[in-house]
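J.: test case, fold it:
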Amino acid sequence: MSHIIPVRKGEEINKEKLEAYLRKNFKDLPDSPLEIRQFGTGASNLTYALNIGNWEAVLRRAPMGPVAPKAHDMKREHQFLSVLAEHFPLAPRPFLFCEDDSIVGKPFILMEKKEGILIDTDFPEEIEPTPALGKRISEMMVDMLVNLHSVPYKGTILEKMTKPEGFLQRQVHGWIARFERVKTEDLPELERLKTWLVHHIPTSPEPAIIHYDYKLNNALFSEDLSKMTGLLDWEMATVGDPLADLGAAMSYWQEPDDPPELKAGFGKPSVTTLAGFYTRKEFVKSYSRKSGRDVEHFPFYLSFGYFKLAGICQQIYYRYKNGQTNDHRFARYGEFAKSLVRYSWLTAFQSERGKL
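T.: Predicted coordinates for the structure are as follows:
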């Protein structure tokens, strides 16, 4: 898997304690020393690649410093993966959950390491991007989202863990409250946007298991890019409105004509801006056709998707601004959050005038 880097300064974990814990909980580990590296992508949970000889695992834990209430719940993610591993082979199999924060500083989960190519802002050097390849990757992303939304959850622990009834209302009000808690300045569009979102909540379709952070750089592909081999980062997964999942996915999905502040918010533009990749409209149309779900109210879901992403970025920027993380990638997240609020309002404004 690509994007594995040496552990960033300030995000180290105690190798001796972790190795002792692993040898206590896993039998017949090789005599080789524990090697720890870090996954360079992602801006929420800290994720590490572990190796002891030919034994491999992935460790996920919450970020440094205080975190938002109910966020970064490793036990919950472990329970979700335990159900998904039986029905959705792209999800990594969980090995164990450890709530003892003396081992690596926070509770953590250990899981299977999925192998594959991660695509984000560039293709691997040996792969020549073509319009046909862009279309194929787009369609695989659609198909896998449709497949996920068809995974059964009734009769599993997920039925007791989640509350799909009223999901969208709680999400809208919840993310408004979260944004207010971490707001670092007043934004002109924010009050109008909050009012619009609250007054335009549509009736949700039948609930489904949703990933809620579904994006290209959370997917893994085979070396020839003919199939998906993994789907990562299940922290936000729940049972809820599948169109909210689609809206969140499209808030990450970039098009060539998007404004520069939207395309460069996380750094370089995504490969989805290259020829052949679906537009958001094409993605949504394909999803609707394959899932059978009505997407009449999708402009609301897209506007809310941008607002939710703004809230995530603002939470991260708030931690950075208050010295709770020294990852300098996050210095620009405040400006990106403002851009996303503006774009969320623009999406709502245009939908009122039938332009979406």
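
J.: start to end distance for stretch 103-123?
T.: Using CA to CA, to the nearest Å, the end-to-end distance of stretch 103-123 comes to 37 Å.

J.: also stretch 10-19?
T.: For stretch 10-19, the first-to-last residue distance is 19 Å (CA to CA).

J.: avg pLDDT for that stretch?
T.: Average pLDDT, stretch 10-19: 94.

J.: name the residues of that stretch that are buried.
T.: 11, 13, 18-19 (16 or more other CB atoms under 10 Å). The C-beta positions use only the backbone N, C-alpha and C, and glycine is treated the same way.

J.: closest to residue 285 among those residues?
T.: Checking those against residue 285 with CB to CB, the nearest one is residue 11 at 41.2 Å.

J.: now that closest one. Nearest residue, chain neighbours left out?
T.: Spatially, and ignoring its direct neighbours in sequence, residue 11 is nearest to residue 46 (5.7 Å; CB to CB, 6 or more residues apart in numbering).

J.: repeat that for residue 61.
T.: Per CB to CB, 6+ apart, closest to residue 61 is residue 108, 4.0 Å.

J.: show me where the stretch 151-300 of the chain has its strands.
T.: Listed in chain order, the strands found in the stretch 151-300 of the chain under DSSP state E, counting those that start in this stretch are 208-210, 219-221, 228-231, 238-240.

J.: now tabulate those strands in TSV and tack on distance to residue 132, mean pLDDT and mean neighbour count.
T.: TSV is the format used below for the strands of the stretch 151-300 of the chain (distance: least, CB to CB, whole Å; pLDDT from 0 to 100; neighbours: other CB atoms under 10 Å):
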stretch	distance to residue 132	mean pLDDT	mean neighbour count
strand 208-210	30	98	25
strand 219-221	15	97	21
strand 228-231	17	97	20
strand 238-240	35	97	22
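
J.: nearest to residue 78, out of these?
T.: strand 238-240 (14.2 Å).

J.: and the contacts of the closest one?
T.: Applying CB atoms under 8 Å, 6 or more residues apart in numbering, the external contacts of strand 238-240 come out as 80, 153, 158-159, 162, 164, 167-168, 171, 204, 207-210, 212.

J.: with stretch 288-302 instead?
T.: Contacts of stretch 288-302 (CB under 8 Å, 6+ apart): 142-143, 146, 149-150, 197, 200-202, 205, 242-244, 246-247, 250-251, 280, 284-285, 287, 347-348, 350-351, 356.

J.: filter the residues you listed down to the buried ones, PyMOL style.
T.: In PyMOL, this line selects whichever of the contacts of stretch 288-302 come out buried by 16+ other CB under 10 Å:
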select buried, resi 142+146+149+197+200+201+205+242+243+244+246+247+250+251+280+284+287+347+348+351+356
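
J.: the closest residue to residue 310 other than its chain neighbours sits in which helix or strand?
T.: Closest residue to residue 310 apart from its sequence neighbours, by CB to CB, 6+ apart: residue 340 at 3.6 Å. Per DSSP states H and E: residue 340 is located in helix 333-352.

J.: which elements pack onto that helix?
T.: Judged by 3 or more CB pairs under 8 Å, 6 or more residues apart in numbering; DSSP states H and E, helix 333-352 is in contact with helix 190-199, helix 260-263, helix 298-321.

J.: ok, which stretches of the stretch 101-250 of the chain are helices?
T.: For the stretch 101-250 of the chain, the helices defined by DSSP state H, counting those that start in this stretch cover 131-148, 157-161, 167-182, 190-199, 242-252.
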